[in-house]
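1. Provided below for reference: sequence and predicted model.
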Amino acid sequence: MKPLIVPAIIAESQEELDSMLERLIGKVERVMLDVMDGKFVPNRSLDFDFKLPEGFEYEVHMMAVDPLERLSTMAGKVDIAILHVETLINIRAAIEGVRELGLQLTLALNPGTEVDVIEPYLNEVDGVLVMTVDPGAYGGRYIPEALEKVRRIRELDSEVPIEVDGGMNVQNSRAAREAGANVIASGSFILKSDDVAHAVEALSR
């Protein structure tokens with residue numbers, strides 16, 4: 001089965017967001033929106049009351065120290081919340097909070113965070129995201145060792161969707177899928193390509 005390819009958008013303005021989304025129309029089913037607060041990660045992205053067109057499923061990747069508070073303002077716009085366990089004091093309470101907002105939930109792990117943190121919750125969430133770069137910008141250094149986490153999660157749960165994010169090109173996408181990932185998030189490889197459709201297709205080969 002082909003993986004789901006998800007373009008990851010970093011944008012500082014509505015105009016920039018609109019321009020990126022326009023390039024993706026008819027080429028992908030789902031889009032990742034990278035929300036950064038300048039605290040959990042150094043940069044800022046989508047740190048404003050953005051508007052979204054219909055036509056995509058949206059997952060919002062919360063790279064912020066107060067993810068649930070921010071998420072409450074977006075609940076009517078997006079479908080999936082991606083929360084970093086590093087920002088959560090109580091993971092189970094966060095799961096309940098996201099459910100109350102009517103959203104699906106993916107738990108995210110930074111490169112330095114171990115799988116043990118999320119193991120008790122695998123049957124309660126809709127997916128897991130493994131960062132294969134340190135988060136916060138396009139073009140971070142790819143960390144191949146992070147794929148060991150993908151293998152470990154797949155050993156623990158044969159069904160849970162596993163998404164990888166960071167440094168995804170054709171070679172790294174293939175390695176991630178061989179490790180057990182079935183959702184590939186990619187920012188610069190897709191959005192800096194002259195041919196978005198070709199880039200999306202290449203990542204799924």
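-> Great, that's in hand. Numbers count the residues shown, from 1 in each chain.

2. so what does the helix or strand in which Glu201 is found touch, helix or strand wise?
-> Secondary-structure element containing Glu201, defined by DSSP states H and E: helix 196-203. The elements that helix 196-203 packs onto, with contact taken as 3 or more CB pairs under 8 Å, 6 or more residues apart in numbering; DSSP states H and E, are strand 4-9, helix 170-179, strand 183-186, helix 188-191. In short, each C-beta sits where N, CA and C put it, glycine included.

3. rerun at 10 Å
-> On a contact count with 3 or more CB pairs under 10 Å, 6 or more residues apart in numbering; DSSP states H and E, helix 196-203 meets strand 4-9, helix 14-24, helix 170-179, strand 183-186, helix 188-191.

4. Taking their axis directions, the second one and strand 4-9 sit at what angle?
-> With axes from the mean of the first three to the mean of the last three CA atoms, to 10 degrees as the basis, helix 14-24 and strand 4-9 are set at 150 degrees to each other.

5. Measure how far helix 14-24 is from the centre of its chain, please.
-> Between the centre of helix 14-24 and the centre of its chain there are 18 Å (CA atoms, centre = their mean, to the nearest Å).

6. got it, and the last one?
-> Computed by CA atoms, centre = their mean, the chain-centroid distance of helix 188-191 equals 14 Å.

7. Just the residues contacting it, thanks.
-> Counting contacts by CB atoms under 10 Å, 6 or more residues apart in numbering, the residues outside helix 188-191 that touch it are 5-11, 19-20, 23-24, 27-28, 137-140, 167-170, 172-173, 184, 196-200, 202-203.

8. How about residues contacting the helix or strand Glu69 falls within?
-> According to DSSP H and E, Glu69 maps onto helix 67-71. Helix 67-71 is touched from outside by 35, 37, 40, 46-47, 60-62, 64, 78, 81-84, 87-88, 93-94, 97-98, 100-101, 103, 108, with contacts defined as CB under 10 Å, 6+ apart.

9. For it, could you pull out the residues that count as buried?
-> Residues of helix 67-71 classed as buried: 67-68, 70-71 (neighbour count, 16 or more other CB atoms under 10 Å).

10. and what of stretch 123-143?
-> Counting neighbours by 16+ other CB under 10 Å, one finds that the buried residues in stretch 123-143 are 125-133, 135-138, 140, 142-143.
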